[in-house]
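**Q** The sequence and its predicted three-dimensional model are supplied below.
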Amino acid sequence: MNVSKAIHERRSVKTFSQKRQPTRDLIEKIIESATWAPTHHLNQAWRFDVFKGDGLLKLAQLDAEIHLDELPADAVETSKTAIIRQRSAKMMQYPIVIMVSIPKLHGRKSAYIEEIAAGAAAIQNMLLAAHEEGLVTFWTTGKLARSKKTKIFLDLAKNEEIIGVIRVGYPESEKTHKKWREKREPVTNKLNWHEA
């Protein structure tokens, strides 16, 4: 696939087919593409946790628990039940969820911001590779990525940060990811040339 074409065509999609599931080999192939991203001093400081099936159900339960923590102590039981149902249903609509985390490396030449940048480049590689394979993706962070409970769930060290929660699957229909194309600001609005 033409890289420029893939960059311009790829879009975040929130609805996925419930009839088709990406295979384990296909998911590993797109993650392998992620690992070819630029990485300072070849640190390759990224980690990928993949959830599907019962693993995804456990992640959905964690997500619901994190959202329940925000309720006031005197919240009624029906509110709690509604949140659990809503959060679980939302998570379970995604065929695959990939969480990407980056550790803070000590005793290395690179700054942590450089590791985060490498992680973001890895995610972009993964999104483009998924697009090439006919998959659609949605990159988020949110409460699930920021919660200490998620770090404990994943057995991450305190110095590791989750920089992406990537939903992956086949499109609900061929029209799903083609029905809208947002406009981008002209590059000249963001561009400064320094030639003298």
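**A** Sure, I can see it.
**Q** For the spatially most central residue of the chain, pull up the helix or strand it's in.
**A** Among the residues of the chain, I166 comes closest to the average C-alpha position under C-alpha atoms, centre = their mean, at 2.1 Å. In this structure, I166 sits in strand 160-169 according to DSSP states H and E.
**Q** so what strands line up beside that strand?
**A** strand 96-103 (antiparallel), strand 136-140 (antiparallel) (DSSP bridges).
**Q** Buried deepest among those, which one?
**A** Comparing the strands paired with strand 160-169 by mean neighbour count (mean count of other C-beta atoms under 10 Å), strand 96-103 ranks first with a mean of 22. Where you see a C-beta, it was placed from the backbone N, CA and C, and this is true even at glycine.
**Q** Off-centre distance for that one?
**A** 6 Å (C-alpha atoms, centre = their mean, to the nearest Å).
**Q** Show residues contacting that strand.
**A** Strand 96-103 has contacts (C-beta atoms under 8 Å, 6 or more residues apart in numbering) with 21-22, 27, 31, 34, 45-52, 56, 59, 91, 115-116, 118-119, 122-123, 126, 145, 150, 154, 156-157, 159-169.
**Q** Sort out for me which of those residues are in strands.
**A** Among the contacts of strand 96-103, the residues falling in strands (DSSP state E) are 47-51, 160-169.
**Q** Okay, helices next: where are they in the chain?
**A** With DSSP state H as the criterion, the chain has helices at 3-9, 24-34, 53-68, 77-92, 112-132, 142-146, 148-154.
**Q** Residues touching the shortest one, excluding its own?
**A** Right, the one you point to is helix 142-146. Contact with helix 142-146 is made by L59, L62, D63, I66, H67, M99, T150, I162, I163, G164, V165, as judged by C-beta under 8 Å, 6+ apart.
**Q** contacting residues around the first one?
**A** With contacts defined as C-beta under 8 Å, 6+ apart, the neighbours of L59 are F51, M91, V97, L144, F153.
**Q** for these, which one is nearest S17?
**A** The shortest gap between S17 and any of the contacts of L59 belongs to V97, at 15.3 Å (C-beta to C-beta).
**Q** about what we covered before: out of the strands paired with strand 160-169, the one nearest L191 is which?
**A** strand 136-140 (24.7 Å).
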